[in-house]
Each structure stands twice: as C-alpha cells, then as structure tokens.
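**Q** have a look; sequence and predicted model below, questions after that.
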Amino acid sequence: MLKCHPGGLRGIVNSCGHLPLAVRLVSWMRDVALAARRKFGAGSITHCCLKMKKRVLEMDTARAALALSVVATLLPMPVLAHGSSSESLVRMSSQREGDVTHFFVENLQAADVTVTLEVTSENLKSSNRLPLTRTVPGKERIELASVSPVAPEKPWKWSYTYYATFGSLDAKHDDSYVYALPYAPGHTFRGSQGFRGKYSHFGPNEFAIDWKMPLGTAVHAARAGVVVAVKDDSDFGGGDSSYDTDANYVLVRHSDGTLGHYVHLLKDGARVQVGNHVRTGDLIALSGNTGHSTGPHLHFSVFKARNGKERETVPIRYQTASGDAVVLETGKNYKALGTPAILASPKGPVKETVGMGGS
Ligand SMILES: [Zn+2]
C-alpha cells in the first residue's frame, strides 16, 4: 500500500508581546523604548527582534544601543517559530493604540484560510472570547481581537500562538454531488487506499482516495471550481513524514466552499494557475510522487476546515464507467466514464497517449 500524507497545511508560530512595565521605569527609558518600537515596527517582539539587525544601523547609534538593551533585557525573548506552513498561509501582526493592542491576520493565499488564535495574558481583557477561530477569505486582512488592561495602572503582558489551515469553516458540502474520477475518460486505475485506509487515511485524511498510477499520468478535475492554490516546485518525496511539506498539489474551490485537493503531483506538473476556472474533466496536472509518498500515485480528497489546526475531509461518491454514485474501495479498479480522447491530426485520428497505464 502506498504511504500517503498530503501534509504541509498547518503549522504553528509563537510570538511574544511586550511589557509596558519595562518602559514605565523612568520616563526617558520609555521614550527610548517607544522610539525603538516605532523603528522596529508595531509587530510582535519576535518580529521586532528579527528586524533588529536590519534596522539598528538606521538608528542614531546611542539611541539604538540603548533601545536594544531595553528590548533585550526587559522584554521576553522570542519563542522561535517552528513549522513554516502557517507563515506561508497568513501573516499575523499586532498594533498598539494607547493601552489597546489589536491582533490582525492577513491571508496571503487566494484560498480561504481558517485561523485559530490562542492568547495567554495577564491583566488583560479581550474584545472577543479567546481562543477564537475565524475563516479569512483569500487575500483579506481582518482584526481577530483586541486586548486592553483590566487595571491600567498595573503591569500587563500577552503572548499568542496561532494555527492556520486551508479551508473554510462555513463550507457545507453538497452531499448530492457525484464526482468524476480524476483521470482521463476510459482509463482505469486501482484504488490503492480508500476511505479510512489504515495506512494513512485517518484523521484529516479520513475520506481521501489514492490511485496508483505512473508518473506523469494526466490528472483531470473531479469537479468544477476555481483554482485557489498550486504548488509544483518540489522534486522531493519519500516514505517519511519529513517529506510532508514537499508535496506538490492543486487546490480547487468548489461552489459549496469545499476544496478539492490533488496531491503528490509531478514537479512542474501543474497545468493550471491560481484564478483559473476549471470544468469537470479539465486537465489540471500530471501525477507524481512528491511529498510523503512511497510510490507514484494520486491522492484526492474534498475538505473543509474544522478549525485553524485541522481540516476534515468529507465522504464523496464517484461516477465510474460501471456505476453511478460509487463509494470507492481499496484494491478495486475503477474506469473513468467516457471514451479516450481522440486528437485531430492531418494524418487521421491519433489516440491520446498521456495518461496511459494503470493497474
Ligand atoms: Zn492518500
């Protein structure tokens, strides 16, 4: 059985807030600290510290040195980011207005992304109940929450952790929809791992399907929609979870808000771009073996977000050459409905060769 894990869709980044107590020690120190904050940007201390090297040279030397020492000694050290996925999905930032700190999230993707924000704080109240989870539409920036001191005369502090994953909380799958097999009409491939496959189809991949197929097999859209994410720059794959983020994929947003996820594609194998509208049956990519995968195959699932940490796949049915609304099973062969495409040629019809093979 092919090991399969689409991966690369979630992560975690920690950031730390600032401590106003530090800047209230003496008035001149506060001036310096605030100047440093303006210089370094209004973001988290993590971002602040990362920007120090770049920006300190731009500051007045004495002022910069003092500001650095204030920030370095009186504020908590940043918690290092780990897992780059969330960072590539969204950008978190905080902005101070008087005693109020606003937390913003910007979706860097064209696809819906769902974010969960967890805040640990002392002497602060939040505008929204925490932790909170929101879906951020593609390319939008929204305020998630703001915090302000319960007792303004006393010290306060915060730190936050956020999680982000592709998909919308609001999507409601149209269970009456019957999907096309995601390969060329008339071609047959074996379902190498079905729903709840014990190898890797559980948790967020519970209702995924794998088809064993040769490298370079034409992948066709199983359902119409808009392409909202494409990755095809990876040439790495293997049977280890360290390859999770190396999977190439195409994400198609369906009319009900769910996402179709075509995974392990060939390097440079995408045949669509973000923003393209695709119809059922359109060629969208070539299959591969990238990411967490032990052999050439295509992994496909339809999912929505459960929260910022997890997505949930939905059980779907397929139209095949021999049946309608079929629930695919591990180990069975499935032929796509229709006849293989015949390409026009001056010398007469030539049978399409892309996508031949299968098992
Ligand atoms: Zn799979």
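**A** Structure's in. What do you need?
**Q** where are the low-confidence patches of the chain?
**A** For the chain, the stretches with pLDDT under 70 are 1-87, 341-359.
**Q** please parse it into its domains.
**A** 12-166, 171-351 (automatic domain parsing).
**Q** nearest to the ion, out of those?
**A** Among the domains of the chain, the nearest to the ion by CB to the ion is domain 171-351 (3.4 Å). In this view, the C-beta of every residue, glycine as well, is placed from N, C-alpha and C.
**Q** so that closest one, near the ion or not?
**A** Yes - Domain 171-351 reaches the ion (CB under 5 Å from the ion) through 208, 210, 299.
**Q** most surrounded residue in those residues?
**A** In terms of neighbours by other CB atoms under 10 Å, the residues of domain 171-351 next to the ion top out with D210 at 31 neighbours.
**Q** what's opposite that one in the beta bridge?
**A** Q193, H299 (DSSP bridges).
**Q** in this structure it contacts F195, no?
**A** No - the pair D210 / F195 is not scored as a contact, 10.7 Å apart, by CB atoms under 8 Å.
**Q** give me the common contacts of the two.
**A** H201 (CB atoms under 8 Å, 6 or more residues apart in numbering).
**Q** so what's G186 closest to, chain neighbours aside?
**A** P340 (3.9 Å; CB to CB, 6 or more residues apart in numbering).
**Q** which of the helices or strands spans that neighbour?
**A** Of the helices and strands defined by DSSP states H and E, none includes P340.
**Q** how many neighbours does D175 have?
**A** 10.
**Q** how about the contacts made by R134?
**A** Taking CB under 8 Å, 6+ apart as the test, what R134 contacts is 105, 114-115, 117, 142, 144, 169.
**Q** which residue ranges of the chain form helices?
**A** Secondary structure of the chain (DSSP state H): helices at 20-23, 27-40, 45-55, 61-74, 85-89.
**Q** deepest-packed of the domains of the chain, please.
**A** Ranked by average neighbour count under the criterion mean count of other CB atoms under 10 Å, the domains of the chain are headed by domain 171-351 at a mean of 19.
**Q** for that one, what is the distance to the chain centroid?
**A** 17 Å (CA atoms, centre = their mean, to the nearest Å).
**Q** what do you get for stretch 170-177?
**A** Counting by CA atoms, centre = their mean, stretch 170-177 comes out at 20 Å from the chain centroid.
**Q** what's it in contact with?
**A** Residues contacting stretch 170-177 (CB under 8 Å, 6+ apart): 112, 135, 223, 254-259, 302, 304-305, 314, 316.
**Q** now with 6 Å?
**A** Contact with stretch 170-177 is made by 256-258, 304, 314, as judged by CB atoms under 6 Å, 6 or more residues apart in numbering.
**Q** inside strands: which ones of these?
**A** Counting by DSSP state E, the contacts of stretch 170-177 place K304 in strands.
**Q** can you name the residues bridging to Y249?
**A** K231, V263.
**Q** my guess is N307 meets T116, correct?
**A** Yes - using CB atoms under 6 Å, N307 is in contact with T116, at 5.1 Å.
**Q** list residues touching both of those two?
**A** Joint contacts of N307 and T116 (CB under 6 Å, 6+ apart) are T133.
**Q** returning to that earlier point: JSON lines for the contacts of R134, including distance to the ion?
**A** Formatted as JSON lines, the contacts of R134 follow (distance: CB to the ion, whole Å):
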{"residue": "V105", "distance to the ion": "30"}
{"residue": "T114", "distance to the ion": "22"}
{"residue": "V115", "distance to the ion": "26"}
{"residue": "L117", "distance to the ion": "30"}
{"residue": "I142", "distance to the ion": "33"}
{"residue": "L144", "distance to the ion": "33"}
{"residue": "L169", "distance to the ion": "24"}
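**Q** tell me the one of those residues nearest T294?
**A** Lowest distance from T294 to the contacts of R134 (CB to CB) belongs to T114, with 30.0 Å.
**Q** chain neighbours aside, what residue packs nearest to the closest one?
**A** A305 (3.6 Å).
**Q** show the contacting residues for H264.
**A** So H264 contacts 247, 288-291, 293, 299 (CB under 6 Å, 6+ apart).
**Q** P137 now?
**A** D112.
**Q** residues touching the nearest residue to G197 once chain neighbours are set aside, list them.
**A** Excluding the flanking residues, the one nearest G197 by CB to CB, 6+ apart is T330, at 5.9 Å. Residues near T330 by CB under 6 Å, 6+ apart: 191, 193-194, 197.
**Q** one more pass at 8 Å, please.
**A** Contacts of T330 (CB under 8 Å, 6+ apart): 1, 191-194, 197.
**Q** got it, and L259?
**A** 111-112, 166-167, 171, 228, 251-253, 302-304.
**Q** please apply the same query to F300.
**A** By CB under 8 Å, 6+ apart, the contact list for F300 reads 182, 208-209, 211, 222, 260-263.
**Q** quick one: which of those is nearest D235?
**A** Using CB to CB, the contacts of F300 come closest to D235 at V263, 15.2 Å.
**Q** ok so, going back, just the residues of domain 171-351 next to the ion now: which is nearest H187?
**A** Closest to H187, out of all of these and judged by CB to CB, is D210, at 15.8 Å.
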